[in-house]
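1. Generate coordinates for the sequence data below:
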Amino acid sequence: MHGAVWAVWQMMRKLDLPRLLGSRREPWQDRVLGMIIGRVLWTCSKRFAVKWWQGTSLPEWLPGAADVSVQMLYQAMDELLSRQQCIEKKLARRHLGDGSLVLFDVHSSYKILLKGESMRKVIPERMSNQPED
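-> Modelled structure (predicted):
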């Protein structure tokens, strides 16, 4: 997984993703970037990600991602959440102009059942919204 990790890391750098998270490099940022790389290459739980990272070259490029725990990953996500508005504003300035069209991917959206609502009604509705292959 060394080449794949390197390739995703290079693309993240090309997209200037590390700087989007902040101008000063901090360990939480390395952990967030590591989780993004992990998500691109291998969708897994945080617990497995901690083990998976150790078998890759990820800690070489992201020192804050070395010797991490599941708790540290959740703390990094909390830190990211606290900066969400700032990051969204940076993205908007970088990519949107007057009259820009913004599309949202709602493929993974879900419906909460209200009291008394039947799954028999919800499942066909969901199935009818699926794209045809």
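2. Secondary structure element for A4, which one?
-> According to DSSP states H and E, A4 maps onto helix 2-14.
3. tell me what that helix is packed against?
-> Counting contacts by 3 or more CB pairs under 8 Å, 6 or more residues apart in numbering; DSSP states H and E, helix 2-14 is packed against helix 27-41, helix 58-61. C-beta: built from backbone N, CA, C; applies to glycine.
4. Which stretch among the ones you listed approaches A92 most closely?
-> For these, the distance to A92 is smallest for helix 27-41, at 19.4 Å, taking CB to CB.
5. Tell me what angle the closest one forms with helix 2-14.
-> Interaxial angle of helix 27-41 relative to helix 2-14 (axes from the mean of the first three to the mean of the last three CA atoms, to 10 degrees): 120 degrees.
6. Could I get the buried residue list for helix 27-41?
-> Across helix 27-41, burial judged by 16 or more other CB atoms under 10 Å covers P27, W28, Q29, D30, R31, V32, L33, G34, M35, I37, G38, L41.
7. nearest to R19, of those?
-> Nearest to R19, judged by CB to CB, of these is Q29 at 9.6 Å.
8. I'd guessed the closest one sits against G22; true?
-> Yes - between Q29 and G22 there is a contact at 6.0 Å, judged by CB atoms under 8 Å.
9. Is P27 in contact with G64, as I believe?
-> Yes - counting by CB under 8 Å, G64 is a contact partner of P27 at 3.2 Å.
10. any idea how far E60 is from G38?
-> Distance of E60 to G38, given as CB to CB, to the nearest Å: 15 Å.
11. middle-most residue in the chain, spatially?
-> Against the mean C-alpha coordinate of the chain, by CA atoms, centre = their mean, the closest residue is I36 at 4.9 Å.
12. With adjacent residues omitted, what lies nearest to that residue?
-> Leaving aside its sequence neighbours, I36 sits nearest to M12 (CB to CB, 6 or more residues apart in numbering; 7.0 Å).
13. Mean confidence (pLDDT) on stretch 81-90, please.
-> Confidence for stretch 81-90, expressed as mean pLDDT, is 90.
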